[in-house]
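In: pasting a predicted model and its sequence here:
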Amino acid sequence: MITVKELTKRYGAHTAVDALSFTVDKGQIYGLLGPNGAGKSTTMNIITGYISATDGTAEIDGCDIFDSPAEARAKIGYLPEQPPLYTDMTPREYLAFAAELKGLPREQRKAAVEQCMERTNIADVADRLIRNLSKGYKQRVGLAQALVGNPKVLILDEPTTGLDPQSRLSVWETIENLRRETGMTVLLTTHYMEEADRADEIIIMDSGKIAAQGSPVSLKNRYSRDC
C-alpha cells in the first residue's frame, strides 16, 4: 500500500533522509520511532507530497506521489504534527469545509461529516467553537479531518504529542478501531515506545536512516539479547 524506495532529502550539505526504503502492507499499522531530527517528519512530508525529494520514489497504492500527485493524495488522509484547525469554526463546519476542499459531491458531505465525527467520538462537541475545545478534542477534530473522504492510507505525524495519558489512549483506540473496521493502512510517527508497541511493525530512524526494523516483539528480543 505504501512503497518507499531509496528516498533521500538533502538541504545543502545536510542529509535529512538518507536512501530510505520500506513497504507498508495493506491494513497494517507502521510506527516510525526516533529522536528529534531523525528524519521522521521529513519522510512524512515527502510521502504526502508536501515537500519534494532529492532522490528516490514513494508510491501510495501504486500511485507515484511525484508523477501522479493528485491521484496519490486522494488516497491519503494526513494529520500533521500541528493540526491545521480553523478555531473560529465548529467541528461540524470545519469538517464540511474539509469535505468541500477534498472534492466530495455536495450531496455526500453531510453524511461524510457525521461518519467522521462518529468515528472520532466528537459528536458531543460538534457545534462548539474549536478554540474552546480541549487539546485532546482538537486532536480528534484534526483526525476526523484526515478521515474525510474515506482514504485508503492514514498518515499521522506525532498524533498524541502533548496529550494526557487518557487522551493518548483514546486516539490509539480510534486508530485501532479504524484499522479493524475499514482495513485502513496507517503510518505514524511517535516518540513513545509504549505506543510503538501497538504497531504491527516499527521502524527506528536515526540520522535519516533506518537503524532497526521489525515487530515490537522481535525488536525487544533482539535488544534484550544485546544488553
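Out: Right, received. Where do you want to start? Just so you know, these numbers come straight off a predicted model, no measurement behind them.
In: how about the helices in the protein?
Out: 40-47, 69-73, 91-101, 106-119, 135-147, 165-182, 193-196, 216-226 (DSSP state H).
In: and those as a markdown table, adding distance to residue 20 and mean pLDDT?
Out: (Glycine included, C-beta is placed from N, CA and C.) A markdown table is the format used below for the helices of the chain (distance: least, Cβ to Cβ, whole Å; pLDDT from 0 to 100):
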| stretch | distance to residue 20 | mean pLDDT |
| --- | --- | --- |
| helix 40-47 | 6 | 94 |
| helix 69-73 | 17 | 93 |
| helix 91-101 | 30 | 97 |
| helix 106-119 | 31 | 96 |
| helix 135-147 | 23 | 94 |
| helix 165-182 | 23 | 89 |
| helix 193-196 | 18 | 81 |
| helix 216-226 | 18 | 76 |
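In: between those helices, which one is nearest to residue 57?
Out: The closest of the helices of the chain to residue 57 is helix 40-47. By Cβ to Cβ, the value is 10.1 Å.
In: tell me what that closest one is packed against?
Out: Under the contact criterion of 3 or more Cβ pairs under 8 Å, 6 or more residues apart in numbering; DSSP states H and E, helix 40-47 touches strand 2-11, strand 14-24, strand 29-33, strand 55-60, strand 153-157, strand 185-190.
In: apply 10 Å and report the result again.
Out: Under the contact criterion of 3 or more Cβ pairs under 10 Å, 6 or more residues apart in numbering; DSSP states H and E, helix 40-47 touches strand 2-11, strand 14-24, strand 29-33, strand 55-60, strand 76-79, strand 153-157, strand 185-190, strand 201-206.
In: sorry, back to before: for residue 79, find the nearest of the helices of the chain.
Out: Closest of the helices of the chain to residue 79 is helix 135-147, at 4.4 Å (criterion: Cβ to Cβ).
In: and the closest one, how far out from the chain middle?
Out: Distance of helix 135-147 from its chain centroid, counting by Cα atoms, centre = their mean, to the nearest Å, is 12 Å.
In: next one: stretch 34-42
Out: 14 Å.
In: buried residues of that stretch, list them for me.
Out: Counting neighbours by 16 or more other Cβ atoms under 10 Å, one finds that the buried residues in stretch 34-42 are 34, 38, 39, 40, 41, 42.
In: what of stretch 134-143?
Out: By neighbour count on 16+ other Cβ under 10 Å, the buried set for stretch 134-143 is 136, 137, 138, 139, 140, 141, 142, 143.
In: so what's the fourth one up against?
Out: Yep, that's residue 139 we're talking about. By Cβ atoms under 10 Å, 6 or more residues apart in numbering, the contact set of residue 139 is 79, 83, 85, 120, 133, 156, 159-163, 167-168, 170-171, 174.
In: repeat that with 8 Å
Out: Counting by Cβ atoms under 8 Å, 6 or more residues apart in numbering, residue 139 touches 83, 159, 160, 163, 167, 171.
In: for the first one, same thing?
Out: Listed by Cβ under 8 Å, 6+ apart, the contact partners of residue 136 are 163, 164, 166, 167, 170, 171.
In: and the last one, by the same measure?
Out: Residue 143 makes contact with 79, 120, 156, 159, 171, 174, according to Cβ under 8 Å, 6+ apart.
In: and which of those residues is nearest to residue 25?
Out: Residue 25 has its nearest neighbour among those in residue 156, at 17.5 Å by Cβ to Cβ.
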